[in-house]
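In: Kindly generate the corresponding structure for this input.
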Amino acid sequence: MTGVDVVVVGAGPAGAASAVFLAERGHAVVLLDKAAFPRPKICGEYLSPEAARVLDRLDVLKAVDAAGAQALRGMRITAPDGTVLDGPYPTEGPWRGFRDHALAVPREVLDRLLVERARALVDVRERHRVTGLLREGARVVGVRAETEDGARIEVRARLVVGADGRASVVARALGLVRPHRLRRLALIQHVSGIDGLGDRGEIYVDPPDYSILSPVAPGLVNLSLVVPLAHAAPYRGRMETFLAARLKQLRHLPARLAGMRAEGPLRVMGPLAYRVREPRADGLVLVGDAAGFYDPFTGEGLYTALRSAELLAEVADPALKRGDVSAAALAPYAAARREAFAAKARLTRALQIVIRHRATANAAARLLGRRPALLSTLMGIIGDFVPPRALWRNVGM
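Out: Numbering: from 1, shown residues only. Down below sits the predicted model:
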């Protein structure tokens, strides 16, 4: 086909948001995805309070609310020794979230609404599996794809946006993906029969595992369990058995799950963490999970996807209008992403160290229990509206 301004590979939150933001600025965009929507997607299904701001900019927040998204006003965290922390998102202080609560919503619902929004502005092509990149020297000039009926096509574009997640064809075609030393696996299932969650998600920490319960619809809960990859490996093909046995080992969780019933298939993903080097080819950028992923404990995945799309548009729009989409012209996007996410990423790594051992997890829980202002600050950071530097200020109080 003739060339367009932008081809976005992957129509999940990062890709759909990128397509919308660029189309709103007047660029001709083609959005490709190998799936047809709605489609299932393994995810913790948590949107931080600040993610609502980006959804509002995308003009989909009202639709997400109307679709039954559940308001989460905080998290209830249970430490290995049974210490329980009730952490609401802060509603006072120098930093305020776009909303005073997070949202939990099934990914099938969220992704469908974002794709519908994109469809109003761009050429959305479902069941188009991207198989490789078109290159002219050091410059990426489009993608190769295969349709549902096996037809092979080329989509040429001035800018290629890789938003195709952890299995990114775009990132792997350039050899950018690297393993991470944190080797963990997530098991996620929708369940019913868990009462009393109210407006809180619940986190159970019991090293080396942790589990999160998040209400995503009336009577429906997203249950996730994160474990060392090596512990699950012997149970390949028997993950339901592994999940049932492992949940019983988190000492404060089994009683909570006494009436639990599975309401969908068990989905498994691992290893969770991986690194992706910044692309140096002209005409290409990565957003969302295609640019790397660490761990879901602090729930930043969907916010990072949406915010990175916002940052991308702020850099790509003037670059496209200048006619310069070289790696140098697009470099400010990588710098903006580092500024936006690096501090929280460091905090997430520190929390991983804390929750890796019972003694440190218990000590941290007792400290936060004695320091409600510190807990409130931490919840604001997890909610993506309080800067991580505020935590160190509170620690020194």
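
In: got the residue ranges for the helices in this protein?
Out: Using DSSP state H, the helices of the chain run over 13-24, 51-57, 61-66, 107-119, 169-173, 229-232, 239-249, 301-322, 327-355, 358-370, 372-382, 389-395.

In: Please identify the deepest-packed of the ones you listed.
Out: Greatest average neighbour count among the helices of the chain goes to helix 13-24 (a mean of 28), per mean count of other Cβ atoms under 10 Å. In short, each C-beta sits where N, CA and C put it, glycine included.

In: Packing partners of that one?
Out: Applying 3 or more Cβ pairs under 8 Å, 6 or more residues apart in numbering; DSSP states H and E, one finds that helix 13-24 makes contact with strand 4-9, strand 29-32, helix 107-119, strand 152-162, helix 301-322.

In: burial count for His128?
Out: 23 (other Cβ atoms under 10 Å).

In: wait, it sits on Val30?
Out: No: applying Cβ atoms under 8 Å, one finds His128 not in contact with Val30, separated by 9.1 Å.

In: what's the domain layout of the chain?
Out: Residue ranges for the domains of the chain, per automatic domain parsing: 4-69+105-179+273-350, 184-269.

In: Same list (those domains) but as CSV, adding mean pLDDT and distance to Gly82.
Out: Output for those, formatted as CSV (pLDDT from 0 to 100; distance: least, Cβ to Cβ, whole Å):
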stretch, mean pLDDT, distance to Gly82
domain 4-69+105-179+273-350, 95, 20
domain 184-269, 95, 6
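
In: if we can go back for a sec, could you dump the helices of the chain into JSON lines and include distance to Val287?
Out: Listed next are the helices of the chain as JSON lines, based on distance: least, Cβ to Cβ, whole Å:
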{"stretch": "helix 13-24", "distance to Val287": "4"}
{"stretch": "helix 51-57", "distance to Val287": "12"}
{"stretch": "helix 61-66", "distance to Val287": "20"}
{"stretch": "helix 107-119", "distance to Val287": "13"}
{"stretch": "helix 169-173", "distance to Val287": "10"}
{"stretch": "helix 229-232", "distance to Val287": "26"}
{"stretch": "helix 239-249", "distance to Val287": "30"}
{"stretch": "helix 301-322", "distance to Val287": "5"}
{"stretch": "helix 327-355", "distance to Val287": "9"}
{"stretch": "helix 358-370", "distance to Val287": "33"}
{"stretch": "helix 372-382", "distance to Val287": "22"}
{"stretch": "helix 389-395", "distance to Val287": "25"}
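
In: out of these, which comes closest to Val276?
Out: When those are compared by Cβ to Cβ, helix 169-173 sits nearest Val276, at 5.3 Å.

In: and that closest one, what does it pack onto?
Out: Secondary-structure packing of helix 169-173 (3+ Cβ pairs under 8 Å, 6+ apart): strand 128-136, strand 152-162, strand 284-286.

In: Return the most buried member of those strands.
Out: Stretch with highest mean neighbour count among the helices and strands packed on helix 169-173: strand 284-286 (a mean of 29; mean count of other Cβ under 10 Å).

In: Just tell me which of the helices and strands packed on helix 13-24 ends up closest to Tyr204.
Out: Closest among the helices and strands packed on helix 13-24, using Cβ to Cβ: helix 301-322, at 19.7 Å.

In: Which elements pack onto that closest one?
Out: Using 3+ Cβ pairs under 8 Å, 6+ apart, helix 301-322 is in contact with strand 4-9, helix 13-24, strand 46-47, helix 51-57, strand 152-162, helix 327-355.

In: strand partners of the third one, parallel vs antiparallel please.
Out: Pointing back at strand 46-47 there. Its sheet considered, strand 46-47 pairs with strand 102-104 (antiparallel) by DSSP bridges.

In: With the first one instead?
Out: Sheet neighbours of strand 4-9, with direction, are listed as strand 29-32 (parallel), strand 152-162 (parallel) (DSSP bridges).

In: Other residues contacting the first one?
Out: What it means is strand 29-32. Residues from elsewhere that reach strand 29-32 (Cβ atoms under 8 Å, 6 or more residues apart in numbering): 4-11, 15-16, 19, 22-23, 115, 118, 121-125, 128, 130, 143, 145, 155, 157.

In: Touching stretch 53-63 from outside, list them.
Out: Here stretch 53-63 has contacts from 17, 20-21, 47, 52, 64, 98, 113-114, 116-117, 303, 306-307, 309-310, using Cβ under 8 Å, 6+ apart.

In: and the two most separated of the residues you listed?
Out: Spanning the widest gap among the contacts of stretch 53-63 are Phe98 and Glu116, at 22.0 Å by Cβ to Cβ.

In: Please list all residues in contact with Val109.
Out: Each residue near Val109 by Cβ under 8 Å, 6+ apart is listed here: 38, 64, 67-69.

In: Distance-wise, check it relative to Val140.
Out: The gap separating Val109 from Val140 is 33 Å, by Cβ to Cβ, to the nearest Å.

In: What of Gly162?
Out: Look at Gly162 and Val140: by Cβ to Cβ, they are 9 Å apart.

In: again with His357
Out: Per Cβ to Cβ, His357 is found 44 Å from Val140.

In: what's the answer for Arg156, then?
Out: Taking Cβ to Cβ, one finds Arg156 at 10 Å from Val140.

In: Verify the contact between Glu45 and Val105 for me.
Out: Yes: here Glu45 reaches Val105: they are 6.2 Å apart, a contact under Cβ under 8 Å.
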